[in-house]
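Asker: Structure for the following, please:
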Amino acid sequence: KMMSLILCAVYLSVTCLLHVQAQNGGDHEKFTEELFMKETPSGHVYSHFQFTTRWDSDIRRRDNSREHYNLFPRSVGDIVAAYGVQELSLSLTQGLWRYEKWGYPINSAPPGAQVIARFQSSVPDVDKAWEGLTSALAGLLCSSLNNLGRTESIQPEYSFANQGVTGPDSLGTNRTYLRYGILPRENLCTENLTPWKKLLPCKNKRGLAVLLSSGHIQKYSVYFSLGLDLKPVCYSTGEEGGGCTSPGVELVQSVSVVIDPVIINKQADNTDWNVKRMFGIGVTPACPLAHTSTIFIDTTDSTYVLDPPPNEYLYYGAGMPRKLAVYDVKIFTEHGITDITAKHPKSHIYGIVRAPPVLFNRHVVGTGQERGGIVATIKNSCTTGITVAYLELIPWYLRVYLHTLKIETDGVPVKPINTVYRPGRDRERPYHLELVLKLAARSTTTIRIDMEYSILRWTEYPPDANHGLYVGAAVLTTRLPVDGKANATVLAAEDSSLSHLFWGNVATDPVLKIYSETLLITVPTPDFSMPYNVICLACTIAALAFGPIHNMTTKKLVLVSPDQEEKSLLGKIIACVLSCLPTLAARKKKQEPEQTSDEDKGNEESSEESNTQTQSEDTNNS
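Answerer: This next block holds a predicted model:
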């Protein structure tokens, strides 16, 4: 008994010590949870949840020296160590981000699933490590990322630059260790969000993660994206601006949701919104393990009033700064769950929405199921020229012809600065097209390339073959000029948290990734009903032919008397019924004489009684 008490005391002491270390940043770990909300020019409410975990553990370790995990999820750490991952960016998205109406998001993502991975230079076989990484991520998030094999991935040359710190020791910039893959048909469901929330230190029990109710998000959102980003960061540098001497790792888990208040309120003129209606619950107390828990609401040029008022206001940016309302969740929820409401004094009518400085669209041209083309349109509204990198990943069954590539700016042919074209190979690798272009100020550039549709094997078509096949979104990477920085929120490279960006008023490098729409291609499709009709006809003919032949070859014709004839089931039932009818008739005849004899006896007794009565009357009279 004494021993059990001692063990309990030791266990409680260790638990309290770990809890205090987690709160005070023990082991140089830090966890922050943040929520950024903004009302878009079209009236939609954009909510960006971001959970950042920083750890001073060297990402280059691939041995068993990293065994103790506190805030950082062990499942992610094991995957990074097993496959030598240097940087990782994963997204699962449902819906399409409307750049022309909503502006630029904090984290851009294409419809479907996307994985960008950069491996360390010590990895011997990058393709094998890529296949193992996608399979492990598929099991971690309950998705189909294991289908991102060599037929769905490429090695970009000018897109997706390094996001984290680089160095000579396995943290290089060699693009041969970079892989990019996309699955346009992958859906985002509850089964993906649930394991994603389990990677957080407080799971979905406390903190801002409680707001991530899959039922409300799936019901009311018009855009829903889930992200997982990992990169190396630097904790200390050498003397005189030397390289990083103490690298660490940063994991950012993000969720982006766009909700239309009109749908929630069920009134076309009611654009008020609050946290409880959008997510099913108000703001709950912060996660005890979080270093900071903050809500930022962009109130720049807003016409609504926040209730309750924020703890303070923050101005971010230079020139015309943005006004942010700041809520400290640890102070804001001292008395329990609290709601935040945005009310408009009067009905607000949204007019013409001003588009962002750079827009990117893409569509399919051509008729029939034999040949077609892809046309991409890039609109630059900036006052200065910009340089862009255009990346296209086309499946192998769409045969692309490079000689049909045409690039025009306002009707004038343009030559690209650099061109990368890797032809696809049937069932082995996709087509890779990458262009570096210089766009003039206030111009519209179109890129067109023709292709031929291939006929697939009948086992390679999806179940809904007549619906068509999807082509993943194209990527446009550019650096915004000075006059376009105010339209985007770009996180800092050294620290991805929103608090570091807003409170420090950090000047970031405005490099953006813009994704186009997903294309739907109708390829030549065979008549899948024909095999069904052939099978039915063949089986019918075989059945009709087999029955008589089988009877003729296995049975003999023998004369049988009617009494010995074998009867069918129906015949046996009828015979049984007929055999029962004579028995019933005989019983009925036997019952009729007995009834007549009983009636005769009754009549005789009544006549005797009457005679006796008459005799007695005569005697009395006499």
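
Asker: Provide the secondary structure category for Val534.
Answerer: Classification of Val534 by DSSP: H, G, I helix; E, B strand; the rest coil places it in helix.

Asker: Tell me the confidence at it?
Answerer: pLDDT, Val534: 87.

Asker: what's the neighbour count on it?
Answerer: By the criterion of other C-beta atoms under 10 Å, Val534 has 10 neighbours. All C-beta atoms are positioned from the backbone trio N, CA, C, and that covers glycine.

Asker: do you know how far it is from Pro548?
Answerer: 23 Å (C-beta to C-beta, to the nearest Å).

Asker: Likewise for Thr478?
Answerer: In terms of C-beta to C-beta, Thr478 sits 77 Å off from Pro548.

Asker: And for Val365?
Answerer: Val365 is 59 Å from Pro548, by C-beta to C-beta.

Asker: The residue minimising distance to the centre of the chain: helix or strand, and which one exactly?
Answerer: Per C-alpha atoms, centre = their mean, the C-alpha nearest to the average position across the chain is that of Leu188, at 1.5 Å. Leu188 is part of no helix or strand, with elements assigned from DSSP states H and E.

Asker: One more: Gly77?
Answerer: Here Gly77 is assigned to helix 74-83, by DSSP H and E.

Asker: looking only at pLDDT, what's the mean for that helix?
Answerer: Mean predicted lDDT for helix 74-83 stands at 90.

Asker: Does anything pack onto whichever strand or helix holds Thr134? Which helices or strands?
Answerer: Thr134 belongs to helix 126-141 when assigned by DSSP H and E. Applying 3 or more C-beta pairs under 8 Å, 6 or more residues apart in numbering; DSSP states H and E, one finds that helix 126-141 contacts helix 74-83, strand 85-94, strand 112-119, strand 178-183, helix 190-197.

Asker: and the helix or strand following that helix, what does it pack onto?
Answerer: Counting by DSSP H and E, the element after helix 126-141 in chain order, helix or strand, is strand 153-154. Under the contact criterion of 3+ C-beta pairs under 8 Å, 6+ apart, strand 153-154 touches strand 178-183.

Asker: helices and strands around the strand it packs on, which ones?
Answerer: In terms of contacts (3+ C-beta pairs under 8 Å, 6+ apart), strand 178-183 is packed against strand 112-119, helix 126-141, strand 153-154, strand 386-394.

Asker: For the next helix or strand after the last one, which strands pair with it and how are they oriented?
Answerer: Towards the C-terminus, the helix or strand next in line after strand 386-394, according to DSSP H and E, is strand 398-400. Partner strands and pairing direction for strand 398-400 (DSSP bridges) are strand 443-453 (antiparallel).

Asker: Pull out the buried residues from the following helix or strand past the partner strand.
Answerer: Scanning forward in sequence from strand 443-453 by DSSP H and E, the next helix or strand is strand 469-471. Of the residues in strand 469-471, Leu469, Tyr470, Val471 count as buried by neighbour count, 16 or more other C-beta atoms under 10 Å.

Asker: now stretch 441-452
Answerer: For stretch 441-452, by 16+ other C-beta under 10 Å, it's Ser443, Thr444, Thr445, Thr446, Ile447, Ile449, Asp450, Met451.

Asker: looking at the helices and strands packed on strand 178-183, which is buried most?
Answerer: strand 112-119 (a mean of 25; mean count of other C-beta atoms under 10 Å).

Asker: Specify the angle between it and strand 178-183 in degrees.
Answerer: On the basis of axes from the mean of the first three to the mean of the last three C-alpha atoms, to 10 degrees, strand 112-119 is oriented at 170 degrees to strand 178-183.

Asker: Output the contacting helices and strands for strand 112-119.
Answerer: In terms of contacts (3+ C-beta pairs under 8 Å, 6+ apart), strand 112-119 is packed against strand 85-94, helix 126-141, strand 178-183.

Asker: what angle sits between the shortest one and helix 126-141?
Answerer: Angle, strand 178-183 to helix 126-141, by the same axes, to 10 degrees: 50 degrees.

Asker: What lies in contact with stretch 286-294?
Answerer: With contact meaning C-beta atoms under 8 Å, 6 or more residues apart in numbering, stretch 286-294 is reached by 19, 22-23, 25, 30-35, 71, 200-202, 206-209, 326-330, 333, 498-499.

Asker: where along the protein do the helices fall?
Answerer: Residue ranges of the helices in the chain, as given by DSSP state H, are 2-23, 74-83, 99-102, 126-141, 190-197, 214-220, 261-265, 275-279, 329-332, 498-504, 529-554, 569-621.
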